[in-house]
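**Q** the following comprises the amino acid sequence and a computationally predicted model.
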Amino acid sequence: MRSDYVKKAVKCAPQRSLFKAMGFTDYELTLPLIGIIPAGSEIVPGHIHLDKIARAVAEGVRSAGGTPVIMPVIGVCDGIAMGHEGMKYSLASRELIADSVETMLTAHAFDAAVLIPNCDKIVPGMMMGAARVNIPSIVVSGGPMLSGKSRGSKDFSLTDMFEAVGAYSVGRIDENQVADFENKACPGCGSCSGMFTANSMNCLTEALGIALPGNGTVPAVYAERIRLAKMTGFQIMRLLKDDIRPSDIFTPEAFENALALDMALGCSTNSVLHLPAIAHEVGIRIDLDKVNEISERTPNLCRLSPAGNHFMEDLYFAGGVSAVLNELIKNNLIHEDCMTVSGCTVKERVKDSEITDPNVIRSCQNPYSPKGGIAVLRGNIAPLGCVVKQSAVDEKMMVHTGPARVFDGEEEAIAAIYAGKIKKGDVVVIRYEGPAGGPGMREMLNPTSAIVGMGLDKDVALITDGRFSGATRGAAIGHISPEAFSKGPIAAVQEGDLITIDIPKKTLTLNVEDSVIKKRLDAIPQPEPKVKKGWLHRYARMVSSADQGAVLK
């Protein structure tokens, strides 16, 4: 066993004495050491219950003949961090989490690992760390939150809270209605209830094959989630016995399966940052053209919030991720022979899963749209690409030309939006918010939610070198690469320039001559870093562009 380096033979007596200081018995030290890594804390609704999930995993490990060891990592709540300096740390924390997982698993010579994330950057960060260490590993998340209910009927979520602020600012709702939403939008623990980034990534773990069926959709408060955690504890011991590692799971075909599921579900655009970052850890490059290639052939089968009125619990009752994967297999849209942590192929794992509610999961013969939920656009503003969740864009805004309203940061844009300075037809440009320029590539949920809440989402577009929350809807185009800080063409956009968005044609165009763009860029001095100390300063110096997954160089 790998753990023999710290617990076998006389030479390890010093290490064993340290284990015994923590209460480990001689017998426990003869068994495989299984690292259980939850991101539990009392500041993240999606993580506040992860201690219970970790204990359930530990019970499964112990009953299957292993010695469980629980140790935490950090996790940022994007909703609480939204709209202020804290959001600069969100994406960047993915690298800290990956580094922490790598450090703890390697420093203590664990034989295998169970990763317990739930929200946003924590899910990919943990997988990145496990991929580096490459010991048998499996993911079990904390599960999605139930949707909120107002006056016993309307389902809603955190998205509605952010949009309510915009609606209140223009008098569409009053303070009492805001308070009613506030008290009911997030009814308990779990990752926010729509197909936002956290739930997107947890669903994609099933397509990648690194988690057991149900990981993406079993609600956080259901006893089934505890049973799933115990089963995960059992299963990690089988993976260890059979020596199935992340390198066996994370294959090029598995990432293509994840992208196909992404398109069918209508996942967050952040998946286009995270899947390439995970792939990077195993030496696989996911080009943005591959995203469009898979989107072109994969129909969009689900419209969960924010793209529609269904929530994660609806997807769970409709058959879950397994039903969607089985539908894709039946239509030859994914690689069916990929290995999974279940010890069988993805086809074998989902063969008995069926769609039980065709209103929530449509068939490939009757999709919401014939193309996937995400599109990559290119053009003279974004020669290296940019990303839009096309399934959440109103038909009217799929093709749009409007004057640029230019802001060098989120705060400037928010102030203008709430001051009523953004008019129908405008294209809001928020720049210097990229991975290096932000730094940290903040999510622009506040500006987009304000636009939606004010009733302008069918008339106003927003483009940025930052990114968007999975809760964003409307013509919101992010990840523009190269970013403004790197003197990408978005830095050359001036107030009033006409910008044309053509999502069907996959183009984003600044209607200005190339020679003029070059002249403008040449005249722009290299901007000063916004953060000049701390680890975020180091991050800004080392991070790659968004089209490469914003990984560290």
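**A** Sure thing, it's come through. Residues are numbered from 1 along each chain as shown.
**Q** burial count for V114?
**A** 31 (other Cβ atoms under 10 Å). For glycine as for every other residue, the C-beta is placed from the backbone atoms N, C-alpha and C.
**Q** neighbouring contacts of the helix or strand containing it?
**A** Taking DSSP states H and E as the definition, V114 sits inside strand 112-116. Here strand 112-116 makes contact (Cβ atoms under 8 Å, 6 or more residues apart in numbering) with 32, 34-40, 50, 53-54, 57, 61, 66, 101, 105, 126-127, 130, 133, 135-142, 229, 232-233, 236-237, 239-240.
**Q** try 7 Å
**A** The contact list for strand 112-116 (Cβ atoms under 7 Å, 6 or more residues apart in numbering) reads 32, 34-39, 50, 53-54, 57, 105, 126, 130, 135-140, 232-233, 236, 239-240.
**Q** partners of that strand in the sheet?
**A** With DSSP bridges as the test, strand 112-116 is paired with strand 33-38 (parallel), strand 137-139 (parallel).
**Q** show the average pLDDT along the last one.
**A** Averaging the model's pLDDT scores along strand 137-139 yields 98.
**Q** and the next element down the chain from the longest strand belonging to the chain?
**A** Ranked by number of residues, the top strand in the chain under DSSP state E is strand 399-407. Downstream of strand 399-407, the next assigned helix or strand under DSSP H and E is helix 410-418.
**Q** how far away from the center of its chain is that following helix?
**A** 25 Å (Cα atoms, centre = their mean, to the nearest Å).
**Q** for the stretch 301-450 of the chain, what spans make up the strands?
**A** Secondary structure of the stretch 301-450 of the chain (DSSP state E, counting those that start in this stretch): strands located at 375-377, 385-388, 399-407, 427-430.
**Q** for those, give me a markdown table that also has mean pLDDT.
**A** Listed next are the strands of the stretch 301-450 of the chain as a markdown table, based on pLDDT from 0 to 100:
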| stretch | mean pLDDT |
| --- | --- |
| strand 375-377 | 97 |
| strand 385-388 | 97 |
| strand 399-407 | 98 |
| strand 427-430 | 98 |
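**Q** let me have those in TSV, adding distance to N366 as columns.
**A** Output for the strands of the stretch 301-450 of the chain, formatted as TSV (distance: least, Cβ to Cβ, whole Å):
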stretch	distance to N366
strand 375-377	21
strand 385-388	24
strand 399-407	25
strand 427-430	34
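**Q** among the ones you listed, which comes closest to G214?
**A** For G214, the closest of these is strand 385-388, at 28.4 Å, according to Cβ to Cβ.
**Q** pLDDT weak spots in the stretch 151-300 of the chain?
**A** Within the stretch 151-300 of the chain, the segments meeting pLDDT under 70 span 151-154.
**Q** before we move on, back to that, now the strand holding V114: mean pLDDT?
**A** Mean predicted lDDT for strand 112-116 stands at 98.
**Q** what of stretch 504-511?
**A** For stretch 504-511, the mean per-residue pLDDT is 98.
**Q** ok, G373 to K396 distance?
**A** Noted for G373: a distance of 18 Å to K396, by Cβ to Cβ, to the nearest Å.
**Q** which one's more surrounded, these two?
**A** Counted by other Cβ under 10 Å, G373 and K396 do not tie: G373 has more neighbours, with 31 against 11.
**Q** from S271, how far off is that one?
**A** 10 Å.
**Q** mutual contacts of these two, please.
**A** Here G373 and S271 share the contacting residues D262, scored by Cβ under 7 Å, 6+ apart.
**Q** V218 against A229, yeah?
**A** No. V218 is beyond contact range of A229, at 9.9 Å (criterion: Cβ atoms under 7 Å).
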